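Q: fold the following for me, if possible:
(one chain, ligands or ions: 1)
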Amino acid sequence: MDEKSFETLAVHAGAETVEKHFGAVSVPIYNASLYSFSDAESGGKIHNYETEGYFYSRLGNPTTDALEKALCELEQGEDALCFASGMSAITTSILGLIKAGAHIVAPESHYATTGSFLGFLAENFGVETTFVDATKAENYKNAARANTKIFYIETPANPTLQITDIAEAARFAREKNIISIADNTFATPFNQNPLALGVDLVVHSATKYLGGHSDLSAGAIIGKREIVDKIRHSTMKLFGGCLSPNTAWLVLRGIKTLALRMEKHNSNAEKIAVFLAGHSKIKAVFHPSLPEHTNHEIAKKQMRGFGGMIAFDVGTIEAGKTFLNNLELITIATSLGGVETIAQHSASMTNANTPKDIREKAGITDGLIRLSVGIENADDLIADLRQSLEKI
Ligand SMILES: *Cc1c(COP(=O)(O)O)cnc(C)c1O
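A: Here you go, the predicted model:
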């Protein structure tokens, strides 16, 4: 981080573009799909990226640009690109960086659709992924082959809150000339900056904390200019999953309060983790703030706060469903990162189609509940959790 604190950056990030917009304090929404040129020659130069300018919104828009600049500041990256969703950011990036026959190493515990995409690559394009226990960074190194192109990191991981030592995994990647990618959706740049720890590229589902209000879909990548540029001029251009300027504006607005929201997400989650850890109906609680968390020490080393996501085990599929069905305040839904507290039961919802042995190997037990702790009053949330736990 440069000399400014995160709170200050979050409010002012991307503001260097204000002069371009008649001094408007809120970046205007440029609802234009195309941009005219003063003459053929200048049009040609802009098209060939010889001079700055815009020509077509799939390949650049001033509102989306302001968001990309903001994300660079918050994640300490050289360049960024926005996408229509987190999955668009992930798939466009991975396909932009590999060729047929490549190999990827990824964590056993991961966002389920990322896993489906890696499975799709193996089935249809001969790109194999080795899934490793990412709580030990050396497993990345041990799984690397001559054709390994990407170490894919997700920490804290969905839905188990497993932690990977980012600096270690990134170091192993550098030693073998492998590109390291980290999904920083759960932590957000408020809590963790993977680029500063040596990773090459960060991916985000901005649908979650960056947007923060459960009202949009967006994704982003931030990282080394060379890597972002490679993706921009290949798969980004070809697949066209660009972010609409209207949504980019909403994400920019979300980011202004990111620090405030994350402080509350972090502190609420810590209180709730302690409550759950002391409750007789609960078999296990996973939050990186807890001293008993397997990788608490690594989390302390690489995170400034432990985030708003908690997982806990109520024992059985039946208990998981009963628990959800008795919640009064907390919303049953599969997303996360909004201001409201959301609960989901992985075995019957997001991972209902994952074979039980694979699910359990990844730590997704029958009774695992994932809680996205919102910014409500922590005591109100604890009261709801307590009354629902009494019913199982
Ligand atoms: C939600 C999520 C994604 C996918 O993002 P979308 O915006 O839903 O496409 C990827 N990674 C993680 C960790 C997520 O939580």
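
Q: in the chain, which residue sits nearest the ligand?
A: residue 86 (2.2 Å; Cβ to the nearest ligand atom). Backbone N, C-alpha and C define where each C-beta goes, glycine included.

Q: tell me the contacts of the nearest residue to that residue once chain neighbours are set aside?
A: Leaving out its chain neighbours, the residue that sits closest to residue 86 by Cβ to Cβ, 6 or more residues apart in numbering is residue 205, at 2.6 Å. For residue 205, the contacting residues are 85, 86, 87, 89, 111, 183, 185, 218, 219, 337, by Cβ atoms under 8 Å, 6 or more residues apart in numbering.

Q: count the residues that sit near the fifth one.
A: This means residue 111. By other Cβ atoms under 10 Å, 21 other residues sit near residue 111.

Q: would you agree it is in contact with residue 154?
A: Yes: counting by Cβ atoms under 8 Å, residue 154 is a contact partner of residue 111 at 6.6 Å.

Q: list residues touching both of these two?
A: With Cβ under 8 Å, 6+ apart, residue 111 and residue 154 have common neighbours residue 183.

Q: how far does the longest helix anywhere in the chain sit from its chain's centre?
A: The longest helix of the chain (DSSP state H) is helix 258-277. What separates the centre of helix 258-277 from the centre of its chain is 18 Å, taken as Cα atoms, centre = their mean, to the nearest Å.

Q: could you name the helices and strands sitting against it?
A: Here helix 258-277 touches helix 6-12, helix 188-191, strand 284-286, strand 309-313, helix 378-390, going by 3 or more Cβ pairs under 8 Å, 6 or more residues apart in numbering; DSSP states H and E.

Q: so where's this structure shaky on pLDDT?
A: 1-2, 16-19 (pLDDT under 70).

Q: same thing but 80
A: Applying pLDDT under 80 to the chain flags residues 1-3, 15-20.

Q: how is it carved up into domains?
A: 6-255, 259-389 (automatic domain parsing).

Q: what's the span of the last one, first residue to last?
A: With Cα to Cα, to the nearest Å as the measure, the ends of domain 259-389 fall 31 Å from one another.

Q: could you find the closest non-adjacent residue to residue 88?
A: Nearest non-adjacent residue to residue 88 (Cβ to Cβ, 6+ apart): residue 241, at 3.5 Å.

Q: which ones are touching that neighbour?
A: Contacts of residue 241 by Cβ under 8 Å, 6+ apart are 83, 84, 85, 88, 89, 92, 219.

Q: could you look up the SS state of it?
A: In three-state terms, and counting by DSSP: H, G, I helix; E, B strand; the rest coil, residue 241 is coil.

Q: which phi and psi does it have?
A: phi -80, psi 50 (degrees, to the nearest 10).

Q: any idea how far it is from residue 14?
A: Distance, residue 241 to residue 14, by Cβ to Cβ, to the nearest Å: 21 Å.

Q: picking up where we left off before, cross the contacts of residue 241 against helices and list the overlap.
A: Filtering the contacts of residue 241 for helices - DSSP H - leaves 88, 89, 92.
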